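In: Model the following, please.
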Amino acid sequence: REAEEKRQQQLASDEQLREQRERKEAANRSAEEKKREAEAEAEERWRQELEEEQKRAAEGAQKEQREKAAEAQRLLAEVRRKQDLEKQRESEAADKAAEKKKKKKKKKAKKQNQRHAELRKQASRSDREHQKLLRHESSF
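Out: The predicted structure is shown next:
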């Protein structure tokens, strides 16, 4: 009977130890699972932060590229505007020079016409005087 009681106590003690061990193992499994979840969450946060940082860097690079392109367009427009102004000035100067040349030519032609008219007048006068002299001589 004593041996049976001892055996029963031993069984109860073994049962308690087994239950205690199972609780400990369950607690360890639970702690491991929580640890894995925390690590996974930390890794996910890190990945998201990295993605956000890469996204911001890409947006910054795109913005910088757009700004550079806009500056290049502005400079190109400025160069074209200056070229157009220069062409306009050259064209105006050429027009002015052509106008001046035309006036000079017109003035020269007018002067030449006056000279020819004067010479014709003199020739006509000389011719009349010559005719007058001829008539005067023929009357003798």
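In: Report how many residues lie close to Ala77.
Out: Other residues within reach of Ala77, judged by other CB atoms under 10 Å, total 10. All C-beta atoms are positioned from the backbone trio N, CA, C, and that covers glycine.
In: Just checking the distance from the helix or strand hosting it to the centre of its chain.
Out: Assigned by DSSP states H and E, Ala77 belongs to helix 2-138. Centroid separation for helix 2-138 versus its chain: 1 Å, with CA atoms, centre = their mean, to the nearest Å.
In: so what secondary structure elements neighbour it?
Out: Of the remaining helices and strands, none touches helix 2-138 by 3 or more CB pairs under 8 Å, 6 or more residues apart in numbering; DSSP states H and E.
In: How many neighbouring residues does Gln48 have?
Out: 10.
In: Spit out the contact partners of it.
Out: Going by CB atoms under 8 Å, 6 or more residues apart in numbering, Gln48 touches no other residue.
In: Distance check, it against Lys63.
Out: Distance of Gln48 to Lys63, computed by CB to CB, to the nearest Å: 22 Å.
In: Same check on Lys107?
Out: Distance from Lys107 to Lys63, by CB to CB: 65 Å.
In: How about Arg7?
Out: Separation of Arg7 from Lys63 (CB to CB): 82 Å.
In: Please apply the same query to Ala26.
Out: Ala26 is 55 Å from Lys63, by CB to CB.
In: what's the answer for Arg89, then?
Out: Arg89 is 39 Å from Lys63, by CB to CB.
In: now Arg120
Out: Counting by CB to CB, the gap from Arg120 to Lys63 is 84 Å.
In: Specify which residues of this protein, grouped into ranges, have pLDDT under the cut-off.
Out: 140 (pLDDT under 70).
In: 90 instead, please
Out: Scanning the chain for pLDDT under 90 picks out the ranges 1-2, 131-140.
In: Would you indicate which residues of stretch 38-49 are buried?
Out: Buried residues in stretch 38-49, counting neighbours by 16 or more other CB atoms under 10 Å, are absent.
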